[in-house]
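A.B. asks: After the sequence you'll find the predicted model.
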Amino acid sequence: MGTAPASRDVTSYGMGLAAPLALFFLVFFVAPLLQLLWLSLHNDTAALHWGLGQYLHFLTDPFSLSVLGSTLLLGAEVTLVCLVLGFPIAWLYQRVGPRLQTIIILIVLLPLLTSVVVRTFAWIVILGRQGIINATLQSLGIIDTPLKLLYTQFGVVIALAQVQMPLMTLPLITALGRIDPNLDDASCSLGAGSWRTFFRIVLPLSLPGVIAGCTLTYAAAITAFITQSLIGGGQMLFMPMYLYQQASTLQNWPFASAISIIFLLAVLAVVSVFTTLGRMSRGYGGA
């Protein structure tokens, strides 16, 4: 009988501690989101006439749909590059000594210790016509004229992959660290080669880390306004810049709000797919 009041006291104490965070969440996330939704349900810029015209305009406009498609494709490309490059780094981290692990983790975390603006301008210098890559290729005689690397899809993908690499590598390091090293030895003792061991044991058991890394990397890549704008320039348009143009340049807040809601739903749909795959991978790994 005496445990019930104590339990209620603990619950009340926990709710009291969570109240400031809940209030902050309501004021700075839920309220602005509801305001965006309210603005998006107006057909005119003065927000006087209700309707779904802004959503119909976006969904029937080939240009707007192409911007959305190119943004989602950009996220997929960046995620793939980060996965291909991040998995070997995470695998190497688990198989070297403590000193090399410290160096690897420092290299992985280095992008997070530098401002995104500084990193982006560094990539502008690297990818420019007189940048490090073109200068090196010309000095080696591989090319005669500078390659166009800046303001291209390739440049945006490479820059974003370097910026978002920690979001992929750290979950992979955690997932690979949970795999029992004896499983590799047991697989080899049973006659399995290195590649078969990787595809039958290491990869399935590391899928939760792969899914977590893909989710974080994808969501961060498609919303990276600064890197997309500076590396892509005016020749490439993605959803964050499209939204900025409608809101700040054209002052079309209802349409900008509709773009925000549609973009949010698209991102949530992709994250939901990753979440579903993550649940399936945990069941597969446990099996």
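C.D. replies: Structure's in. What do you need? Residues are numbered from 1 along each chain as shown.

A.B. asks: contacts and neighbour counts: CA atoms only from here.
C.D. replies: OK.

A.B. asks: Buried ones in the longest helix anywhere in the chain, by neighbour count?
C.D. replies: Among the segments of the chain that qualify as a helix by DSSP state H, the longest is helix 253-286. Buried residues in helix 253-286, counted by 16 or more other CA atoms under 10 Å: 253-263, 267, 271, 274-275, 277-278, 281-282, 285.

A.B. asks: Tell me which other helices or strands it touches.
C.D. replies: Secondary-structure packing of helix 253-286 (3 or more CA pairs under 8 Å, 6 or more residues apart in numbering; DSSP states H and E): helix 31-40, helix 53-60, helix 203-222, helix 239-244.

A.B. asks: ranking the ones you listed by burial, who's on top?
C.D. replies: helix 203-222 (a mean of 23; mean count of other CA atoms under 10 Å).

A.B. asks: Relative to the whole chain's centre, how far out is it?
C.D. replies: 9 Å (CA atoms, centre = their mean, to the nearest Å).

A.B. asks: With stretch 100-107 instead?
C.D. replies: For stretch 100-107, the gap between its own C-alpha mean and the chain's C-alpha mean amounts to 22 Å (CA atoms, centre = their mean).

A.B. asks: Could you give the average pLDDT over that stretch?
C.D. replies: Averaged over stretch 100-107, pLDDT sits at 90.

A.B. asks: Name the residues that touch that stretch?
C.D. replies: Stretch 100-107 is contacted from outside by Ile89, Tyr93, Gln94, using CA atoms under 8 Å, 6 or more residues apart in numbering.

A.B. asks: Looking at the helices and strands packed on helix 253-286, which is nearest to Cys188?
C.D. replies: Nearest of these to Cys188, taken as CA to CA: helix 203-222 at 15.6 Å.

A.B. asks: mind saving the C-alpha coords of that closest one as PDB?
C.D. replies: Taking Å, rounded to 0.1, in the frame of the first residue of the first chain, the C-alpha atoms of helix 203-222 are listed here in PDB:
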ATOM      1  CA  LEU A 203      26.500  -7.200 -43.000                       C
ATOM      2  CA  PRO A 204      23.300  -8.600 -41.600                       C
ATOM      3  CA  LEU A 205      24.400  -7.900 -38.000                       C
ATOM      4  CA  SER A 206      25.400  -4.400 -38.900                       C
ATOM      5  CA  LEU A 207      22.200  -3.500 -40.700                       C
ATOM      6  CA  PRO A 208      20.700  -1.500 -37.700                       C
ATOM      7  CA  GLY A 209      23.800   0.800 -37.800                       C
ATOM      8  CA  VAL A 210      23.500   1.000 -41.600                       C
ATOM      9  CA  ILE A 211      19.800   2.000 -41.400                       C
ATOM     10  CA  ALA A 212      20.500   4.500 -38.600                       C
ATOM     11  CA  GLY A 213      23.300   6.100 -40.500                       C
ATOM     12  CA  CYS A 214      21.300   6.300 -43.700                       C
ATOM     13  CA  THR A 215      18.400   7.900 -41.900                       C
ATOM     14  CA  LEU A 216      20.600  10.600 -40.300                       C
ATOM     15  CA  THR A 217      22.700  11.200 -43.400                       C
ATOM     16  CA  TYR A 218      19.700  11.500 -45.800                       C
ATOM     17  CA  ALA A 219      17.700  13.800 -43.600                       C
ATOM     18  CA  ALA A 220      20.700  16.100 -43.100                       C
ATOM     19  CA  ALA A 221      21.800  16.100 -46.700                       C
ATOM     20  CA  ILE A 222      18.500  17.100 -48.300                       C
END
